[in-house]
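Trainee: pasting the structure only:
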Ligand code: SF4
């Protein structure tokens, strides 16, 4: 990148000026990863100091049966397939109860678009979960699922939200966003929820007092300009509602072969590789710089491995996903040896070892507990250091 452009961008970031679409594309064109990290770290430190938030949650997928066939998805199954499953309500509750001793504060619930499950199943499952685990917040359903509920119930999203909130819904999840640009979207997405409906549903959720996460699936067939466009749309919506708590760049998972049947389900396989760790760090950094009105940027460590997750904390990230005992959507696509369980103690040490202060939060990003500041590196050198895979 031209030294003059670099100076201009740096001056804008330091002055707190909003970056333009062209600035975003220029940042992606830079190969100076250290410089990008330094700029993003400046922004991240302004907003969040040296704090790293996390929560202790459990991911629950009630069914993998889905009416859609998104090209990148290796989670969905069709009715009658050997490993298709749908949980009965008491099974979902029993799974959630298994984690009770871990003091979890959140259940993260995402599902396939089941063709025959009735709409009433969903508020009922929330009610039962809430009654079994009254202190656990329910972060449930993508905007895609809410639109699916509109279709199967004949009710408008407004009434659907009222019933789900009454049943205990605390937040939507951020999924279904992928990449909003239609040029890309038509090749990867098979469900019906595109920007117009995704934004309509999150706007409505915000108007009802819910705060929601936002996501972006990157590293497949999109180009940097599509990532910039994606963030610009979210930034505009955030200007309007202020309801997004966090932005989560999700790394597309490439080369999965299902060990149960040897099948590759991802239909983008022949056209894609996967974002390298450097590309992921760049994406975190540019996202932090562009999405200037969202308070937090999250790294979902299951998709990156623990070392990259630690590094990401210097590239704009200030939030790590918590203890994940089961997360089928990612783990059906993961053959990189990333552990699928992290407990509170593991996370604390991961954050301290990276030189940051851990802060436990709840679903609404309110502080549950602040932990000690990290020991300065100079004082730690005499001791053997933990190696994070
Ligand atoms: S991404 Fe979601 S909607 Fe698309 S096929 Fe997979 S489970 Fe279904």
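Mentor: Everything's here; your move. This is a predicted model, so every value here is computed, not measured.
Trainee: now for the host helix or strand of residue 233, which elements pack on it?
Mentor: In this structure, residue 233 is located in helix 224-241 according to DSSP states H and E. On a contact count with 3 or more Cβ pairs under 8 Å, 6 or more residues apart in numbering; DSSP states H and E, helix 224-241 meets helix 21-29, helix 195-207, strand 212-218, strand 244-251, helix 277-290. No exception for glycine: its C-beta is placed from N, CA and C like everyone else's.
Trainee: okay but residue 273 is in contact with residue 254, surely?
Mentor: Yes: assessed by Cβ atoms under 8 Å, residue 273 is found in contact with residue 254 at 6.2 Å.
Trainee: So which bits of the stretch 151-300 of the chain are right by the ligand?
Mentor: When proximity is defined as Cβ under 6 Å from any ligand atom, the stretch 151-300 of the chain approaches the ligand at 190, 191.
Trainee: Which stretches in the stretch 1-150 of the chain count as helices?
Mentor: For the stretch 1-150 of the chain, the helices defined by DSSP state H, counting those that start in this stretch cover 3-15, 21-29, 33-48, 89-97, 121-132, 143-153.
Trainee: pretty sure residue 95 contacts residue 85?
Mentor: No: the criterion here is Cβ under 8 Å, and residue 95 misses it with residue 85 at 11.6 Å.
Trainee: Make CSV out of the helices and strands packed on helix 224-241 and add distance to residue 123, mean pLDDT and mean neighbour count.
Mentor: Formatted as CSV, these follow (distance: least, Cβ to Cβ, whole Å; pLDDT from 0 to 100; neighbours: other Cβ atoms under 10 Å):
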stretch, distance to residue 123, mean pLDDT, mean neighbour count
helix 21-29, 40, 97, 18
helix 195-207, 15, 98, 19
strand 212-218, 18, 97, 22
strand 244-251, 23, 97, 24
helix 277-290, 34, 98, 24
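Trainee: returning to what we had before: the more surrounded of residue 273 and residue 254?
Mentor: Using other Cβ atoms under 10 Å as the criterion, residue 273 and residue 254 rank with residue 254 on top: 17 against 12.
Trainee: What residues does that one make contact with?
Mentor: By Cβ atoms under 8 Å, 6 or more residues apart in numbering, the contact set of residue 254 is 219, 266, 269, 272, 273, 274.
Trainee: so where does the nearest residue to the last one once chain neighbours are set aside fall, helix or strand?
Mentor: It stands for residue 274. Counting by Cβ to Cβ, 6 or more residues apart in numbering, residue 274 lies nearest to residue 254, which is 3.8 Å off, once chain neighbours are set aside. Using DSSP H and E, residue 254 maps to neither a helix nor a strand.
Trainee: Per-residue pLDDT of residue 254, please?
Mentor: Per-residue confidence (pLDDT) for residue 254: 77.
Trainee: can you give me the helices for the stretch 251-389 of the chain?
Mentor: Secondary structure of the stretch 251-389 of the chain (DSSP H, counting those that start in this stretch): helices located at 277-290, 306-312, 328-331, 344-353, 377-380.
Trainee: Format those as a markdown table; extra columns: distance to residue 210.
Mentor: Converted to a markdown table, the helices of the stretch 251-389 of the chain look like this (distance: least, Cβ to Cβ, whole Å):
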| stretch | distance to residue 210 |
| --- | --- |
| helix 277-290 | 22 |
| helix 306-312 | 27 |
| helix 328-331 | 22 |
| helix 344-353 | 26 |
| helix 377-380 | 40 |
